[in-house]
Structures are given as structure tokens and as C-alpha cells.
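Engineer: Predicted model follows, preceded by the sequence.
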Amino acid sequence: MKKRSALFHINRKNVLLILGLTLSALILLITIFSPLLETHNPTKMNLPNKLKAPSSENYFGTDALGRDVYSRILEGSRVSLGTAFVVVIFSAILGTAIGLFSGFIGGRTDMVCMRIVDIFLAFPTIVFVLAMTTFLPTNQLSLILAICCINWVRYARIARGEAVIIRNVEYIEAATAIGNSKTGILFRYFLPNTVSKILIMMSMDIGSIILYCASLSFLGLGTQPPSPAWGTMINEGRDYIRNAPWISIAPGIAVAVTALSFNMIGDGLRDALDPRMRESIQTE
Amino acid sequence: MEPVLRIDDLCVGFHVRDRVVNIINHVSLHIGENEVLGLIGETGCGKSVTGSAVLRLLPDNAVVAGQIDYRGKALLPMSEHEFNRLRGAKIVSVPQSPSTSLNPMMTVGMQVEECLTRRPDYSKKAQQVPVRERVQQIFERLRLNERGKIFRKYPCELSGGMCQRVLISMGAITNADLIVVDEPTKAVDWILRAGVVDVLRKMKEDYRCAMMMITHDIGVARALSNRIAVMYAGEIVETGTAGQVLDHPQHPYTADLISALPENGFHVTEGFMPSFEEMPAACRYQDRCAHCVEACRSGKPEMHETEPGHFVYCHRCRGE
Amino acid sequence: MKKKTIVRILTVLLALALFAGCAGTGETTGTEPPKTNTPAPANTAAPTNAPAPANTPAPAEAKPAARDKVLRIAITSVLTGLDVTHGQGSTQMLEQANMLETLTVLDKNFNVLPCLATEWKRTGEKTWEFRLREGVLFHDGTPLTADAVKWCLDEKSKYVDTYAAYTQIESIDVIDDLTLRFNTSEPTSELANVLASQIGTIMAPTSFKADGTFDKPIGTGCYMYDSFDVSASILTAVFFDQYWGGDPGTSVGKRVVVSIPDASTRSLAAINGEVDIMMDAPFSELANLEQDTNLSVSKFTTTRTYYLEQNIRKEYLQDVRVRRALLYAIDRQTILDSLLMGVGGVPQGILDASMPWANTDVDPYAYDPAKAMQLLDEAGIKDSDGDGWREYNGENLELVLITMTFRPGCPLILQAMQQYYEEIGLKSVTKIVEYSTVTQMRNDNEYDLNLSSASATYVPTASYYLSSLYWSEGSNAQTIGYKNEKLDELYLECLAEDDLQKKYALAKEAQALAQEDAVFTTVMLYGAVFINSAKVTGFDYSPAVHDFIVPNSTDLMD
Amino acid sequence: MLLELRNVTKTYWSGVMRNKAFHAVKDVNLEIGEREIFGIIGESGSGKTTTCKIIMGLLKPTSGAVLYQGEDITKLGKAKWHELRKSIQMIFQHPQMTFNPRSTVYSACAEPIRIYKLAKDADEEREMVLGILDRVGVSRDQLEKYPHEISGGQAQRLSIARTLLLKPSLLICDEPTSMLDISVQAQILSLLKEIHGKENLTLLYISHNLDVVAAICDRIAVMKDGEIVEMGNTDEVFSSPKHDYTKRLLSARI
Amino acid sequence: MLKYIVKRLLVMLLVLWAVSTMTYFMVHVTPGDAATAIVFNLTGGTNMDEELIERINKRFDLDKPVYVQYFNWLLGVFRMDFGISYRYNMPVMDMIKARLPNTARLGLTAVFLSALIGIPLGVLSALRQNRLLDHTSRVATLFIGSVPGFLSGLVLIIIFSLKLKWFPTSGMKTAGSIVLPAVTLALGMVATTTRMMRTGMLDVLRQDFMVVAKAKGIRRSSMLVSHAFRNALPSIVTVIGLQIGHILGGSVLVETIFAWPGLGSLLNDAVSNRDTPMLEGCVILITFGYTAINLLVDVVYAWLDPRVKYTEG
């Protein structure tokens, strides 16, 4: 690329990053075009051909109510990935803002912010989400809201850590000397230099949010039947695991592959963004 | 008598992306018994790479050709295991940034003691003086040992200067034959700089060892070295005794370098050293040299001996 | 030291770790090594008169049976404690562990049989008298006396909140060592039936320590307390030799009652031979379980019902034709066969035919989609804007169907109902939530239809089911404002009526009215599936209990 | 008199009860005249960098006054400082570390223009940047590179270029050449000498290297542990040092 | 150092108080309450008449305003008496004391397993960076970590319990019954342990003192152990600390599938039954455990790494 940015440096050796990018691009494409790829109506029940094994007609077989598992996974992908992206983006923005701000200001406000972060981090997430979703209507939106309230904290902690380091680097003094205002420094110096860490965190987070939603719907929260979310599908198939394992295994693999691809990006990004990893002529 | 170290026609290159970039270009030099060779050159001229090549500490993507002999024995063909018997015992290095070159989790005394005890060829019985004793002696001699507490201190509790003396004592404890000292005075304060020179001078006298002093500080080179080799863009441009090279330099680059010293009125030579990827053919100083002639751009400068022991690689000197 | 050797050591370590991780210290699991307890010499069997309901009185074998077997029973509910006076563990200790007994018992046809009490009669409009059996010993050897029974029931009245509501007992007087008089707050003919349920379990006062804290349950049953782990919710009971009912002729020396709330975990345990008797496996597993040779699967319809509550606070549901249409539209037989795998039954009326007071010659609202659509048209719910969905006077109609996750069958039936309503042009959305959220939605009137489940014989009397759903003062009816004066009258008469035949006739008449109103209508009978190890003998199901009874005579063949 | 420091002190408190005091700068008095090159010598930890930061307004002194053209700048508000910034500028010891690693050479140089809106539009801005970079000797092909991709010398030239855009009257140099090679150091020193001549600029040069200070400064002050132990013309101090610390410094010259 | 620990303890108390208060009011805001839950369990959900619920509320003084209940509860906590559980009608502390060792045993075995696999794997893939072993180990552990816990649990049951009959499917009866739940929990953690170990090791291998160690010609084994591994030790400690924190919250699922009577399922059960005293007991214990472990990790970290001095807070 003409304008080689210091932010991004992909070399061929970074297998994980390349593998992760291609896989997640594929998954995103499938999710976007899922309505076209669906062979059956995901919520249409037809009891006669229930619990059919995977066949040419139903690629991943049918579930207890005779619905096509393949189409349900496709529709479920929109729900699961959508939730993951919304949660990750929301908590990244909120978390980084608070983290940077408290790291930049320092002193008492920093102390207070960090104590609030400690409280949220120590809060058993299961309780918070269970409590939140019980007084909100049980649907995907309230699940998203509940997870966001807990998840932004991890970003805040990372952003604050980075801000404290950057605050003591020389170029901050030089920036003030040149005449930058406080906010100027925050946006022009602090933010760009924490973006790389936050990016890594976000890609790893997408994987864990998908898993977390799956386990929450396993406990009966989030989207209610009949609309398919991967976690509920696995849960529904749990009773039929011995004679119709495809009902649970198929969405399970969908969750695993998606989480894997985004985790790989995160791992690969860590190496790509770490300046010392780059090959260079060691003259000095 | 065989010199302690002889380097003949050494070439070192690095695999970067998909091609090899050559750094060291046919370097030859030798160090005699109990002699200090000052290897002077600016940042990025490849002097540290030469030092690392001698100690075989180059990274995996390095390509090394040529000959390095230690007391007649060729080092390059040796196997890792074989070379290890020499490295750390006979050939020792004092690295560049002392504060990051010590293991933060281990006490300073342990790290020095390790140079003896943790080597494959160490036997406890063979020690006349117990190892701990020798370490204390060395700390004593290098004026490190305020009230003997230094042994159990951690590197983070010592200043940069003290760390450097610990590294030097690592070389001394195995009474090494050849010490490769890399940039001992980089970013060191004025008074401390004088202290480092004293320690190294003491080291040379007490332990009668040969030393390769890699530095960009001409003052230190003048104070310590018997002979000096000047390096520019991966090549040796001039070698000779300290007096010869510093008092009446023959090669234009050496002359410009000395005249650029603040005490000589910091005369400026324009331009900067070309990068190794686009190195000009023939004489590598041609673009910045005031006396550049047609020959400098076409033919490789050969070596001329302008006076006994004083060699220069420059077309201009052919005449005298 | 070559680099390769270092790597080799680490890889060996790695392989070891992986293997150790999986192999673990698993020793082959078999049934627990049977604990042999020395069989006490069978005491001179008192005349055994059918203590265990619903099976022929066991012949008093002379030979002392070697009681070395362990019977493991898995239950669905969590055993939170054993203090019966606080309403904890009474069902499990009465029906599964057989540690506690009641004054009276009911056989399969709901006839009241003597147990701890030999005779009882209603001496006045609000008074009953019971005469206790002689020679009955508690597990700690103390005799069963009227004072002990009074103490136990009085304690329950203080702490068990449902005690007063169901038994209507106001006070108990001790006439002599073996007779008691019960004074009831309302005239009731059903005290004998009520005391047969788990509300009437009798525990000795010596179950409590001197300082008043609960020690262990001391009852009169065939098995006595051995151990209880509250965290793992496992209760063990060992055979009680001085049992008044004599030797029931079983070689089971120890019963282990373990609570496994999760259905598929339970079925996996049965398949793996970790439990001998278990109720309710996931419907999907039935096909495999039946083929499993060392398991015997038996299906029964219980007295529990799945009923559909139609929220008559919504205007369009006040029209009886709409309510009936919503019932005609559901194909219950297909739901039973394909969704519930035949577990349960299609009801002919409000209650299952097995109950003597059930009324089955009513309109069962069999599957008739044409009639359903015709009724909807008559009621004015048509598809006026041609979008394929019916509207109610102009605006779009979307029915909100709710149910709870607690009963495994509910979500399946509800989703099937949604599908059938779709076929007759009614748009609907399903909400499968926790029961506390269902209660919240009912109070906040945020639903149209609520599929729920109720037990008809929690209190084994003819009037109970009517009081819980149809009686206007009952909480369910009050919430949606359902009131049918005629039905209320019939209920109160049935409650007070002494004569059984008249009581049953009144109950039947009330059920006919309820079926016509179609506000609370039974859509499916709740089935029970028992997965027992093939070695279990002497086990039988009786609908006249809350969960299921494991008779004293249940045994394990070798 | 361009800049005057009147008994400036800076104390850091530490310890459990905040009772242990550490005086980074103790009662410093200085006068720097117009168009003068004033040098401060001292070892690291002698308080010279703290003094610069106080002058630059990056640090508030515990007590004392800093008079710039007669006005005490330690009492100024934020807006006033914004104007004052243009006239007092600073270059730092680690050239590569004075720039944002994420911005190119061009945007680093253009930063002061954008802050103070010295250019009407992008073209004028580009013109100014290219002009000043030629002036300090940074070649055009370096524009799109990142700070860690250019040499120390180039980075220091960029730093000087950046300050020149604001046409300062006082330039503080905090050991600008200690990390550089001798030839590059010579180039930077001559560049400083040249702009000092042309742009009527006052230089405050701080270093621990006596040779450099001797070569460039008119008057010097020697600092030890936060105090000025000696002050005077360079040749006087070098030829007849009075304070024995200065003597020790001079004797350490190898 | 002591000043730092005291400060951290104060913070911990603040966090404990804040978390328990938030939970208290949050549970009270949720629909449904303890009384309905008790009645439901008693009557099997048939009738929920108000009069019955009123009696229960009075008995557990649930009818008082929330903040009054809260203060009574808080006073109790100071006397280490967490009150009586509505559902089990026994002191909360006894139930927690019974359940805690189970979760602790399960959790620590899982952490041990994940460390046993993760640490060597992390070291190995750091030593052979960007080569086949590095890529395969990272992809493999990432995949294992991405499979939802409850699915891997089910698969393990089918293979190891039903087919191979090595372990019981659920419960805690035999010694072997801990293996499957621990392995399921460990699978979720292996990815993080390996990754953190690898990054920690890579950072150390790149340091200057490793080159110096090589220059000293000391044995390869002592170079790896006393230099590389010793410096990577603090990052192992942080990994283990993180994992233990993860157990306290994350074991709800595994405990539900394997009917493992631990704190996780108790917590989940307490929330759905609105059993506030029990819920509060669990929450306080989990939060206390989480913060205590964080403090322990920091102290061990400071003890391991001489550079870290806790002067400022």
C-alpha cells in the first residue's frame, strides 16, 4: 500500500491473521446474504418430517418441530453476530472514552473511575445479566443492554492502562510545548496510540460475546423461541443429543467457528501491531 | 606470533523480506596480545554487527562469510557446542545498554557467579578459590562493593554505571582473553564517562587481556586504544596506531570526523551516510568527499600503507 | 544440552498432561458396593392389612429376607430440607423414602383406607373423630400417641401456610391416648381425603433436639432416616425392623432418594445405570430408552392437566364463540403423538376419566378447523384488508401466547398452538418465560392465552380442582374476573356434601358448565413416564398422589 | 533583559506523611539577555531539565518568579500561555520520541500551523512546511515517513523546523545532540548557530558535555543538585573555575 | 508494602459493599418475589392466592419497605449472620459452607489442568515462533476455547460416560465424577493460558539479557529456566489469578449440566427463586473471592518481581 501506515503491518508469516481475516470475511458474507441462502422458512414448523438426519434436502437435518436446522443457523447468525458487534462496538466506545479520560486526568477522578470499574469487574456477571433481563422484556435487545453494562469495563481498564503509560512519554510534553490544548492532545495523541490495543481487545471480545450469549440463552435469557439464536438452538437440541445430535452440534460448530475466526484475528493482530515484531536490519 | 583475533574478508548480510541486504563488506582486522583495538564509526556503520559476528550473537536471519580466527583456530566452522566452550570463558562481551542487559529477577552476584558455575565444563572441585570469594574480589577491585552488600542487590537497585561495572566483572571473573566492549559511554554523563575510562584502563592493566573497543566517542578511543580502525558504511576505511589515525588522519572521512568535534570547531560535512539498501558502487564516501575524483566513482579503493602500520583505503593516497 | 532434548522433554510432559486430563482417576463405576446390614429377625408380623395402597397385602414370609439391595430413586424436585413441620420434604418422605406415614391412605380409585388411624367418622357439622392404631412404634421406639399426632399437626398449622387453606382444621382435641377430635372452620366432608395427602404426614416430637432445633425426621414408615446431604440433595433411609406393617417382603435394605432437577441429566443417569427408579425423561429420549434392554419404560396419564386460560379481560375473548374457536383449532392428537411422543392423553372433558368424579360426556372440542373459522367469522374476526391475517373491528389482531419453562411440555404445545392458529389466519407471538414472570404478566394483563398446568389431586378431593381454577373467589379466577354463580353454588354444595355419590354428581354438573364457558379448559392430560431398571419389581403407579409412590414392596431382582 | 528567574524553587514531597522533601531546583537566579546563547552545565539529576520545564510552563514552581520581558509568566492563565507559547519554544533530547508515532513527518511539521491557523488553506500550509523543511535540510522524500523510520539527525532538524514556524524569540535546547553522532551533532550545532544569527533568536542550551557548551555558548551557569554554583562568561569559567565542582568537571575532560 | 495492602483491603470492602447493595436493590426491582416463588414450590403452581402470599411476606417481614429490610440484612452481615434462606429455611452460611468446597475443588482442578496443558504449550509455541507447532497449537487451543462449554460438556458425557463408562454422568458420588466437569471447565481456559504464556515468553526472549546470557555461554537449560522462565513467571501468576476469577462466575453452566452441587448452580437457583439472603450470601462470597484473589496475585507479583515497589497506591 502506498501510504504504509505504522498502524498495520501484515507480513506473510502472520498466518493466524490472514486465516482469521478470510474466515471472518466469509462468515460476514454468509450472514449478510443469509436470507438468500436459506432453503426453508426457519420458523415454519412441519411435524411430519421432524428429527430427520442431515440429507440433501435438509443440509443439517431438522429439529424437534421439523424446522430446517440449516436455515435456522443462517437466520440465527444475524441475531448472534449482530448482538456481538453491537455489544463490542458500544462497550469499546464507552469503555475507551472513560478509560482514556480517567487515565488522562489522573488524580482523584482517576481513583473514582477506577474504583467504579473495580466494582463492575467484581460483579458476578451472571447475577447482573439475570437480574437485568428479568425486569426488562426478555428479548435480544435487553440482553444486549445487560451485557453492554458489564462489558465496557474491560475496555476502560485497558484504555486507562495505556493512557497512564502514554502520559509519561516525552512526546506529550513536546505536544504541550507546541501549543496543543488538552483536548487536542487527548484526541491527536492518546486515542491513536491506544487504538491498536483496543482493536485487539475488540476482535477477541466478539468471540467471547458470541459464546456468552449462547450460554445465556442456554439459561433461558435473550431471544425467545421460535426466533432462532444459536444458544437457544443448542439448548433445544440438548434433550435429543443421543438420537438427533445434529440439532445441537450444528449450531455449536457455527458458534465455535465464528468465535475461532475472530479470536484468530485478535491473536494475529497482536503480533502485527507489536512494533518489535517487525523484521528490520539490526545495524545498531 | 598468532594475533589473539584475526578477521579476514568478513561479509555479513541479513535476510529482509525476500532479499539479502549486505552490511559488512570485506572487513579485515586483527588484535594482538594485550592490545586494545578501537573500532570507531558512526551510528549504523556496522561496528556493532562486527562485534556480534565475532561472538556469533547475530540473529537467525544473518548470513556470515569470511574468516574469524581466535589464536589461529577458525571460529565460524565450529559447532555451537564447541564454540560455547570459548564464548563466555575466553571471548567475552560487555554489551551496550547495561541497565537492560542484566536479568531483573536475579541478584547481581548470582549473575556474575553464573558465568562460572552454570557452564557445561564447570567442576566444583577444580576451584582453588571458592567462586563466591572470587566474585567479591572482583567487585572489590572494580570499586563496586560498598560494604559488601552489592552481591544480593537486584539490577534495578543499581545505577547505570554500576550495572556496567557488573557486566565488566562478568568478563573479568573468567579472566577472558578477548573482551568485546560495545559503546561503553553511550549517553553517559560527563563525569561518569571519565569513570568508565578509568575502569576499562584498570581492566586492561590488571587482566592483560585484548580488547575490541566499539565506540563512536573519539575521546574514549584516544584514551584507551593502542590501535584504531575507522569504519564507514560497513567498510574499514583506515587503520593504524591511535596517534597515527587521530593526529594525522589520511582518509577524508576520518579527517572530516575529527574536524567535526566541538573542540575542533564542529566543521560540518554535508549529507549523511547512504542506507545499506542503496549503497553506491566503488568508494562509499564519494558523495560526501571533498576530494572526490573520477577514480573514486569507478574503482574500488585498494589498501595503501602510507607509513608503517598505517593503512588507508583511498585512491587519493596512492600518490604519497 | 541440545535444543532438541529440551523440546522432547516438554512434549512428553505435554502428552502426559493431555492423557492425565482425560483418563483421570476413573475407577469403573458399578452399582455402589451394597452395604450389608445384618437382617434383624422379622418380628411376629402383626396382621398386615394392606398398608401399601394398590397392591395385594404382602404374604408374611417366615424366612427373614436378606435385605442387602440398595434402591436408588431419582426425583425432579430439590430436597431443601426434612423438617415436615415447615413443609419441607413431606412428599419425598411419604411417597419415595416411605419414612413418614399419614392417618389415612387412598387406593387407585380414591377410596380412603385406614393406615395410622383404624377408624374415623364425622361426628358433627364441623367435627371429626379419628381412632389411632395400637402398637405402632416411631423409629426411635417411642409409641405413636394422640398427643404426638396433635403436636405434629399443630406445629404444621403454625409454619405450613397452605395447611389451614386445605385442611380447614381449626383445632385438635385429644380425647384419650389413641383418639383425637378435629374441629374444622368450614363444614367439610373431605377431611379424611385431605389427611391422606402429604399435608397429613406425622412426625414424632423427638425429631427436635432439646433446644428446639430440628435434628432428624422420626416417623413410623417402613424405612428410617440414615443420612441427608443438603448440598447434594441426597437422602438415604434404611429398613426399620419394628415396622408395624410387618415385613413387606423386599430385599431392599436401603433407599437412596437423589434429586436431579435437569431432565436430560436424569435420563443419562438412568441409561448409565446410576439410578433404579426415575420419572419424566425428555420426550425425545423415549424411543431409545424403550429399546434399552436393562431398562423398563412405562407411561401413565396423571391427574395433572395442561389447561388453557383465556384472558376474558380482553374484549374479543369475552365472546364465547371466539374462545370455542380457539379450542377447535388445535389438533391435540397430533400434538400428543408427534410432540409429546404419546406421553399423556387427550382429555374428553375437564378431568381425566380415571377420577370417579370426572365428567366425560361433554363437548371435547375435537380438532375442527372449519368450525373454528366459521365461529370466528360469526364473531366478526375476519380478514378485512386481505393481508392473510384476521382483524378485530378494523385493527390488526396479534394474540400473545405465554407459558412457563418449568413444565417441559408447555413450550412444545404452545409453539404447536401458534402454528395451528396461523393456519386459521390468526397471527400470534409466543413468550416462554419463568413462572414468576408469567404471574407478573397475568397481574399486568399483558397476555391473551396462558398455557399452564395444575394438579387435580394435590388435595385428593372432588371439589379441589374446582376451587383452584373455577371458584370465583379463587386467585386464578379473581385475576381475570371469571364468575359463574351457578358454578360457585355447585362447588360449595359439593364441598359440604357428605354422600359420595351426590358429591360426585355435583362435581360433574360443575365440570359441564366449566367446559361450556371454555375459559379454563384442559387441552392435554399430563403424562408421566417411568424409566426403571429392569430389575425393579413390585412398582406400580397410582394417580391419587402428588408425585409417585414407591410401595414398600418394591424390590430389586438379582 | 529577555528572561529572568528570581529564586525559583521546586520541591517534591514524598514519604508516608509527605514529610520527606526533595528539592529538584533550589533558589535559582538567572538572567538571559536578548540574542544571547546561554548555557547550563550539570550532571543528570542536577535540576537543569526541571528548570527548562518551569520556564516552558510545563511545571509550576513551588516558589519564585519567571519574568519574560518583565512579566511573571508563572501567574498567567491558559489563554495567555497559548499566545506566549509562540515565543518560547523547546527542542528535546530524544528526537524520535518528540513526535507522535502515528503521524507522518509532514503532519508533525504542519501541526503548529494548524493549531495557530498560520495558513489559510492546505496549499499554503504545504508551501510553508516544504519551505521550512528545506531551510533546515530535511529532504522531500522523508515527508511520508514515520518518526521511527527517520534518523536521529533528521528528527532533530524536523523538531527545529517545527519551532521555527512559530518564530520564537527564545529557544530552549535540552541536550539536543547527546544522542547523536559527532558529524550529525556538528550539523545540528551549526544549524542552531545559523538560525541564532539570522532569526534574532535567544538560545538556552542545556548539556552535560563541556566541549559542546564551550564551543557554542557565550555565558554559562554550572548547576549541581538544583543549585547554580557558578555563572559567568564561558572562557572565564573554563580558564579560571572558582567552585571545586567546576574544577572537577573540567578535570574529567579526557 | 503494608500501606499498599491496607489500602487495597479498604478498596475491597468498598467494592464488597457496593456490589451487595446493587444486587440487593436490583433483585427487589425484578418482577416476582420470594413469596410467589415459595408458594409456587409448595403448591406446584396451581393456585397463587394473595392471602397465602401475604402470610409468607409477614413471616419473612418482606412487607416492610426495601431499605428497612436492607438495613436489617446489613446489620446481620456485620455479625457474620447472613440470615435464613427463604427456600431452604436454613442459615445461608451452612448451605454455602456445604457448597463452597465443591466449587473450589472443581475450580482448582480445572485451573490445574489448564495450567498443566497451557504452560508447556505456551512455552513451546514461543520457542518455535511462527513455525508449524506455534500455529497449530494456537489454532487448536483457540478452537477448543471457542466451543460453547455446555456443548463440550455434553459431548464429553456421551463419549466418556455412556460409551466408555469411565466416569459417572453427573453428581459427586464417586472420585471420578470430578474429571468431566473439570475438563469441560479447563477447556474453556486453555486458550487464554496458552496465549498469555506465549506472549509473556516472547517478551522475555526478546530482552537484551537473553543475548547476554547466550554470550556468557551458560547451559541452554539454565538459560531457559533461570532466565527465560523465571522472568515469565509473573505472567503465569496473572494468568492463574484471572482463571480463578473466571471459575467463580463461569461455573454455573458446568454445574447445571453435571448436576454438580456448587456455588454456581446455587447462585442460579437463588436468582430464579428470588431467595435474596442466599443470593446475597453467594454474591458476597464470589466478590470477596474475586477481589481477594486479585490482591493475592498482586502481592505474589510484587514478591516475584523486585522492580515492582508498591509505594504509590
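Structural biologist: Received the coordinates, thanks. Note that the structure is predicted; figures quoted are calculated from it, not measured. Residues are numbered from 1 along each chain as shown, chains lettered A, B, ... in the order given.
Engineer: what's near enough to touch the residue of the stretch 151-284 of chain A found nearest chain C?
Structural biologist: At 3.3 Å from chain C, residue A:239 is the closest residue in the stretch 151-284 of chain A, using CB to the nearest CB. Just so you know, the C-beta spots here come from the backbone N, C-alpha and C atoms, and that holds for glycine as well. If you count contacts by CB atoms under 8 Å, 6 or more residues apart in numbering or on different chains, residue A:239 has them with A:64, C:263, C:264, C:282, C:283, C:284, C:285, C:408.
Engineer: next one: residue C:149
Structural biologist: Applying CB under 8 Å, 6+ apart, the residues contacting residue C:149 are C:103, C:116, C:132, C:172, C:180, C:202.
Engineer: Which parts of chain D are strands?
Structural biologist: Here chain D has its strands, by DSSP state E, at D:3-14, D:20-32, D:37-41, D:63-68, D:71-72, D:88-91, D:170-174, D:202-207, D:219-224, D:227-233.
Engineer: The stretch 201-313 of chain E: strands as residue ranges?
Structural biologist: Per DSSP state E, counting those that start in this stretch, the stretch 201-313 of chain E carries no strands over any range.
Engineer: Could you list the contact residues of it toward chain C?
Structural biologist: Counting by CB under 8 Å from any CB of the partner chain, the stretch 201-313 of chain E comes close to chain C at E:219, E:220, E:221, E:224, E:256, E:257, E:258, E:259, E:261, E:269, E:272, E:274.
Engineer: unless I'm mixing things up, the fifth one is touching residue E:267, no?
Structural biologist: Pointing back at residue E:256 there. No - under the criterion of CB atoms under 8 Å, residue E:256 is not in contact with residue E:267, lying 10.9 Å apart.
Engineer: between the two, which one's more packed in?
Structural biologist: Higher neighbour count among residue E:256 and residue E:267: residue E:267, with 28 against 21, using other CB atoms under 10 Å in any protein chain shown.
Engineer: Distance check, that one against residue B:83.
Structural biologist: 61 Å (CB to CB, to the nearest Å).
Engineer: so where is the chain shaky, pLDDT-wise?
Structural biologist: I went with chain A, as the question did not name one. A:1-12, A:133-135, A:137-138, A:219-226, A:274-284 (pLDDT under 70).
Engineer: actually chain E
Structural biologist: E:29-33, E:42-49, E:249, E:309-313.
Engineer: which one's the longest helix in it?
Structural biologist: In chain E, taking DSSP state H as the definition, the longest helix is helix E:92-127.
Engineer: do that one and chain B meet at all?
Structural biologist: No - counting by CB under 8 Å from any CB, chain B is not contacted by helix E:92-127; separation bottoms out at 12.7 Å.
Engineer: Establish whether that helix and chain C are in contact.
Structural biologist: Yes - judged by CB under 8 Å from any CB, helix E:92-127 comes into contact with chain C at E:94-95, E:98-99, E:102, E:113, E:116-117, E:120-121, E:123-124, E:127.
Engineer: How about that helix, which residues are buried there?
Structural biologist: Residues of helix E:92-127 classed as buried: E:92-93, E:95-96, E:98-100, E:102-104, E:106-107, E:109-127 (neighbour count, 16 or more other CB atoms under 10 Å in any protein chain shown).
Engineer: so what's residue E:130 up against?
Structural biologist: Residue E:130 touches A:13, A:15, counting by CB under 8 Å, 6+ apart.
Engineer: Distance of it relative to residue A:271?
Structural biologist: In terms of CB to CB, residue E:130 sits 8 Å off from residue A:271.
Engineer: Also residue C:105?
Structural biologist: Computed as CB to CB, the residue C:105 to residue A:271 distance reads 74 Å.
Engineer: Which one's more surrounded, those two?
Structural biologist: residue C:105 (26 against 22).
Engineer: Can you tell me how far that one is from residue C:460?
Structural biologist: For residue C:105, the distance to residue C:460 - CB to CB - is 10 Å.
Engineer: Count the residues that sit near residue A:57.
Structural biologist: 12.
Engineer: give me the element it is part of.
Structural biologist: According to DSSP states H and E, residue A:57 maps onto no helix or strand at all.
Engineer: Quick one, grab the pLDDT at whatever residue of chain B ends up closest to chain A.
Structural biologist: Chain A sits closest to residue B:44 of chain B, with a gap of 4.5 Å, by CB to the nearest CB. Looking at residue B:44, its pLDDT reads 84.
Engineer: Distance-wise, check it relative to chain E.
Structural biologist: According to CB to the nearest CB, to the nearest Å, residue B:44 stands 19 Å off from chain E.
Engineer: Kindly report the same for residue C:261.
Structural biologist: Plainly put, residue C:261 is 8 Å away from chain E if you go by CB to the nearest CB.
Engineer: List, one by one, the residues from chain A near chain D.
Structural biologist: A:3, A:6-7, A:169-171, A:173-181, A:184, A:188-189, A:192-193, A:275.
Engineer: Tell me how far the host helix or strand of residue E:41 lies from the chain's centre.
Structural biologist: Residue E:41 is located in helix E:34-43, with elements delineated by DSSP H and E. Remark: helix E:34-43 is offset 30 Å from the chain centroid, using CA atoms, centre = their mean, to the nearest Å.
Engineer: Looking at the residues of the stretch 201-313 of chain E next to chain C, which is nearest residue E:307?
Structural biologist: Closest approach to residue E:307 among these (CB to CB): residue E:224, at 21.4 Å.
Engineer: How about whatever residue of the stretch 151-300 of chain C ends up closest to chain D: what's its closest non-neighbour residue?
Structural biologist: Proximity to chain D, evaluated over the stretch 151-300 of chain C using CB to the nearest CB, is greatest for residue C:231 at 46.7 Å. Distances taken as CB to CB, 6 or more residues apart in numbering or on different chains place residue E:98 nearest to residue C:231, at 3.5 Å, with adjacent residues excluded.
Engineer: sorry, back to before: got a list of what the residue lying closest to the residue of the stretch 151-284 of chain A closest to chain C once chain neighbours are set aside touches?
Structural biologist: Closest residue in space to residue A:239, ignoring its immediate chain neighbours: residue C:282 at 3.3 Å, by CB to CB, 6+ apart. Residues near residue C:282 by CB under 8 Å, 6+ apart: A:239, A:240, C:263, C:264, C:267, C:408.
Engineer: Format the CA atom coordinates belonging to stretch B:155-167 as CSV.
Structural biologist: This file holds the C-alpha atoms of stretch B:155-167, laid out as CSV (Å, rounded to 0.1, in the frame of the first residue of the first chain):
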residue,chain,number,x,y,z
PRO,B,155,19.9,-4.7,38.9
CYS,B,156,17.0,-2.3,39.4
GLU,B,157,18.6,-1.1,42.6
LEU,B,158,21.9,-0.1,40.9
SER,B,159,22.7,2.9,38.7
GLY,B,160,23.7,2.6,35.0
GLY,B,161,27.3,3.0,35.8
MET,B,162,27.3,0.3,38.5
CYS,B,163,25.4,-2.1,36.1
GLN,B,164,28.2,-1.6,33.6
ARG,B,165,30.8,-2.4,36.1
VAL,B,166,28.9,-5.6,37.0
LEU,B,167,29.0,-6.6,33.3
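Engineer: where do the helices sit along the stretch 51-200 of chain D?
Structural biologist: D:78-87, D:105-116, D:122-136, D:152-165, D:182-198 (DSSP state H, counting those that start in this stretch).
Engineer: I'd guessed residue D:140 sits against residue D:130; true?
Structural biologist: Yes - here residue D:140 reaches residue D:130: they are 7.2 Å apart, a contact under CB under 8 Å.
Engineer: So these two - more neighbours on which side?
Structural biologist: residue D:130 (15 against 9).
Engineer: gap between that one and chain A?
Structural biologist: 18 Å.
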